[in-house]
Structure formats: C-alpha cells, structure tokens
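[1] I'd like to go over a predicted model; first the sequence, then the structure.
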Amino acid sequence: MTESEAAVSSQEVGVGLRLVGIIIDGIVLGIIGYLIAAVTGSTTTGGFELTGGPAFIFYLLGFIYYILMETYVGGTLGKLALGMRVRMEDGSSCSLSASLIRNILRIVDALPGIIPYLLGAIFIWTSPRKQRLGDKLAKTVVVKK
C-alpha cells in the first residue's frame, strides 16, 4: 500500500454517516421533484406525483446530480455538508467514468427489499475499505475530509 492509499484508508466512512448524507440528498432531490411537479402540473393536495415524462426527467436529473457533483466537486451536497468526499482508491479526485460506474451500481445497492440500501450497507460492513459494490468496481472510496 502506498503512502497515499494509507492516508485515504484511515479516513474511510462507514454506513452511518453515509446514510445521513443520503437523507440530505433525498431532501435536495425531493425539492427538485416538487419543482418539476409544479412546472408540469403534477402537484397534489398531499405533495406531488411524477409519472411518465416528468418522472423520467426527475430520475435523469437525479442521476446527473450524483455524477456531476462527485466528479467536479468531490461529493453531493449531502456528502459535502458532512465533510465527506468521493475519491479514487489512490486518493485522487473521482473521475467521470468512476462516478458513472458507482452510480449505475447504486441501483443494485438499493435493490428493493425490506430495508432500502441494505445490500449496499452489507457491502460496506464487510469491506476492509468500507466500499459498496459500486465503489469496489469503480475503485473509489468515500472519505472524511
């Protein structure tokens, strides 16, 4: 292990802090969803409901949000607010291709079940570098700044 890898591995973030980041990002994406619903007339008395084209736009914007924020800023608003960053295993900034890989695999990590993201959490708990499946394949880690 290089000195850079050792420095990164000592700061890796586990499930708890990452979960709080996901919640913050969920709030951000919820606001975006509501704005899309307001523009497309999909608001309801209980909030909003997106189907068809507006739902596609919402999911596409969410996917782009994760990829661009990780690539160009180092993390989503949820991660940044908590002092976390997405880095390559060698400590360098997350590349566009790595972010794309880790976010495509977010779908697998969040497969529906009793507890959303349980599969991702299991990967993090059992990984020496606290990596979910997307992190392992993209060769990324989430670290505390």
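    All right, it came through fine.
[2] Need the three-state assignment for I23.
    Per DSSP: H, G, I helix; E, B strand; the rest coil, the secondary structure class of I23 is helix.
[3] Not counting its neighbours along the chain, what's nearest it?
    Distance criterion C-beta to C-beta, 6 or more residues apart in numbering; nearest residue to I23, sequence neighbours excluded, is G78 at 7.1 Å. Heads up, the C-betas are built off the backbone N, CA and C, glycines and all.
[4] For that neighbour, give me its contacts.
    Taking C-beta atoms under 8 Å, 6 or more residues apart in numbering as the criterion, G78 is in contact with 20-26, 28.
[5] Pull out the buried positions in stretch 60-75.
    62, 65-67, 69-71, 74-75 (16 or more other C-beta atoms under 10 Å).
[6] Stretch 83-92 too?
    84-89, 91.
[7] mean confidence for it?
    Averaging pLDDT along stretch 83-92 gives 96.
[8] Please save the CA atoms from it in CSV.
    Output of stretch 83-92 as CSV, limited to C-alpha atoms (Å, rounded to 0.1, in the frame of the first residue of the first chain):
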residue,chain,number,x,y,z
GLY,A,83,-17.3,16.7,5.3
MET,A,84,-17.2,13.6,3.1
ARG,A,85,-15.6,13.3,-0.4
VAL,A,86,-15.6,10.6,-3.1
ARG,A,87,-12.0,9.8,-4.1
MET,A,88,-10.3,7.2,-6.2
GLU,A,89,-8.5,4.5,-4.1
ASP,A,90,-5.2,6.2,-4.7
GLY,A,91,-6.5,9.5,-3.2
SER,A,92,-7.0,11.4,-6.4
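[9] So the residue of the chain positioned farthest from its centre versus V108, what's the distance?
    Distance from the C-alpha centroid of the chain, by C-alpha atoms, centre = their mean, peaks at T45 (29.9 Å). Using C-beta to C-beta, to the nearest Å, we find T45 at a distance of 35 Å from V108.
[10] tell me the contacts of the residue nearest the centre of the chain?
    By C-alpha atoms, centre = their mean, the chain has its centre lying nearest to Y66, at 5.8 Å. Residues in contact with Y66, defined by C-beta under 8 Å, 6+ apart, are 25, 76, 99, 103, 106.
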